[in-house]
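*Asks:* Okay, sequence plus prediction incoming.
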Amino acid sequence: MKPTVTTTEEPKQVCDLCGSARHQIFATRGRGGSKLTTVICEDCGMVYTNPRPSERENSKFYHTSYWGAYKHQTVPDERFFERRLPKIRPMLTQLRPYLKPGGRVLEIGCSVGALLWSMKEVVGSTGQFTGIEPHEGHAQFAREKKGLDVHNGLLEEVSHKLKPASFDLVVMNHVLEHTISPTTTLATVKKLLKPRGHFVVEVPNVEAPGSRLSHFFHVAHHYSFSPRTLQRLAQKAGFSVKRVDSLDGDLPGTRLNAVFEKLAATEASVTTRFIRDDANERAAALHRYERWYWLTAASFRKKITHWQRQRM
Ligand SMILES: [Zn+2]
């Protein structure tokens, strides 16, 4: 069964990052040959799906279809949880410097709670860990089997239940690219963070997709970030950018991992100059990557690395 989010062919939305309607169409098919139009913004270089599903369609998809239709995991079990642990390990390594005793941590899109549970293991009982997960079955597993405090819903549906300025750390691990508006998501994250609180986010890197492009573009991923577009998004939301790094996944540079800090009210926001992504250069780079992927037998190397990482 294919995921139920569908899009019509005519691009009709503006860029979430810069508000421009000018874009070039890069691809009209996504993973599995699905009808999916991917465009590149002519003004900021953001790569995004256009049109995106409506907020209602998106909410329905994550509440009911995502884990069942796409990941074949409607009713999670202990084995599924165990299989998640090697997948969250690279992010856990990045999070360690920000895990402090007594800290309040929020993970948005926590699934069965593998990362949340692992962070708790690092800090011990002094920390407070909260999760948000739209899939009821996964949220329930995290609550009942792992004893985690997990709200069932999308961020925009449950954020009113959380106290503003109450978290030291907010985490999104391969979740931001699934949101309808990353701009709105970052504004909410900022509201929930304490002053000087950190937002650690990881997304796929459009500079190194790590697969053939027909597989990379996916109905559930509405945005494909580069280091520049991710940095620009954070600055737009008023975060201070601590770092934006391209880290290795199964292939070099496939993970875009960033740390942003919420400034205290008294601190002036520092406007760092960012370099604009160019739409034509981005399109050319994607085609170059596709050629490199085939010429270097990357999919074979990827399988070996993936196998090695699972065994680590
Ligand atoms: Zn744009």
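*Replies:* Received the coordinates, thanks.
*Asks:* nearest residue to the residue of the stretch 201-312 of the chain found nearest the ion other than its sequence neighbours?
*Replies:* Per Cβ to the ion, residue 229 is where the stretch 201-312 of the chain lies closest to the ion, at 8.1 Å. Where C-beta positions appear, they are placed from N, C-alpha and C, glycine not excepted. Leaving aside its sequence neighbours, residue 229 sits nearest to residue 46 (Cβ to Cβ, 6 or more residues apart in numbering; 4.9 Å).
*Asks:* Now the one you found. Its backbone dihedrals?
*Replies:* phi -60, psi 130 (degrees, to the nearest 10).
*Asks:* surely it meets residue 15?
*Replies:* Yes - with contact defined as Cβ atoms under 8 Å, residue 46 counts as touching residue 15 (5.3 Å).
*Asks:* number of nearby residues for residue 63?
*Replies:* By other Cβ atoms under 10 Å, the residues close to residue 63 number 16.
*Asks:* if we can go back for a sec, residue 46 and residue 15: which has the busier surroundings?
*Replies:* Using other Cβ under 10 Å, the more surrounded residue of residue 46 and residue 15 is residue 46, with 29 against 23.
*Asks:* Relative to residue 174, how far out is that one?
*Replies:* According to Cβ to Cβ, to the nearest Å, residue 46 and residue 174 sit 18 Å apart.
*Asks:* and what of residue 130?
*Replies:* In this view, residue 130 and residue 174 are 19 Å apart by Cβ to Cβ.
*Asks:* Between these two, point out the one with more neighbours.
*Replies:* A direct count of neighbours by other Cβ under 10 Å for residue 130 and residue 174 places residue 130 higher, at 22 against 17.
*Asks:* give the contact list for residue 262.
*Replies:* When contacts are counted by Cβ atoms under 8 Å, 6 or more residues apart in numbering, residue 262 is found next to 190, 193, 194, 195, 196, 197, 198, 199, 238, 239, 240.
*Asks:* Setting aside sequence neighbours, what's the nearest residue to it?
*Replies:* In space, not counting the residues next to it along the chain, residue 262 is nearest to residue 193; the distance is 4.3 Å by Cβ to Cβ, 6+ apart.
*Asks:* which ones are touching residue 94?
*Replies:* Residue 94 makes contact with 200, 202, 247, 257, 259 under the criterion Cβ under 8 Å, 6+ apart.
*Asks:* got it, and residue 145?
*Replies:* Neighbours of residue 145 in contact, by Cβ under 8 Å, 6+ apart: 78, 81, 112.
*Asks:* Please state the backbone phi and psi of it?
*Replies:* The phi/psi pair for residue 145 (degrees, to the nearest 10) reads phi -90, psi -30.
*Asks:* Could you check how far it is from the ion?
*Replies:* 42 Å (Cβ to the ion, to the nearest Å).
*Asks:* what's the pLDDT at that residue?
*Replies:* The per-residue pLDDT reported for residue 145 equals 96.
*Asks:* Could you shift the numbering so residue one becomes 3, and keep it that way?
*Replies:* With the count now opening at 3, the last piece we talked about shows up as residue 147.
*Asks:* all helices of the stretch 203-314 of the chain, in order?
*Replies:* Secondary structure of the stretch 203-314 of the chain by DSSP state H, counting those that start in this stretch: the helices cover 215-218, 229-238, 281-297, 300-313.
*Asks:* Ok, which of these comes nearest residue 169?
*Replies:* Closest of the helices of the stretch 203-314 of the chain to residue 169 is helix 229-238, at 16.7 Å (criterion: Cβ to Cβ).
*Asks:* low pLDDT regions in the stretch 153-302 of the chain?
*Replies:* The stretch 153-302 of the chain contains residues with pLDDT under 70 at 270-276.
*Asks:* Mind jotting down where the strands sit in the stretch 53-202 of the chain?
*Replies:* Residue ranges of the strands in the stretch 53-202 of the chain, as given by DSSP state E, counting those that start in this stretch, are 106-110, 130-135, 151-154, 169-175, 195-206.
*Asks:* Serialize those strands to a markdown table and add fields for distance to the ion.
*Replies:* Listed next are the strands of the stretch 53-202 of the chain as a markdown table, based on distance: least, Cβ to the ion, whole Å:
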| stretch | distance to the ion |
| --- | --- |
| strand 106-110 | 23 |
| strand 130-135 | 27 |
| strand 151-154 | 32 |
| strand 169-175 | 21 |
| strand 195-206 | 16 |
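*Asks:* Enumerate the residues of this structure near the ion.
*Replies:* Contact residues, the chain versus the ion (Cβ under 5 Å from the ion): 17, 19, 20, 22, 43, 45, 46, 48.
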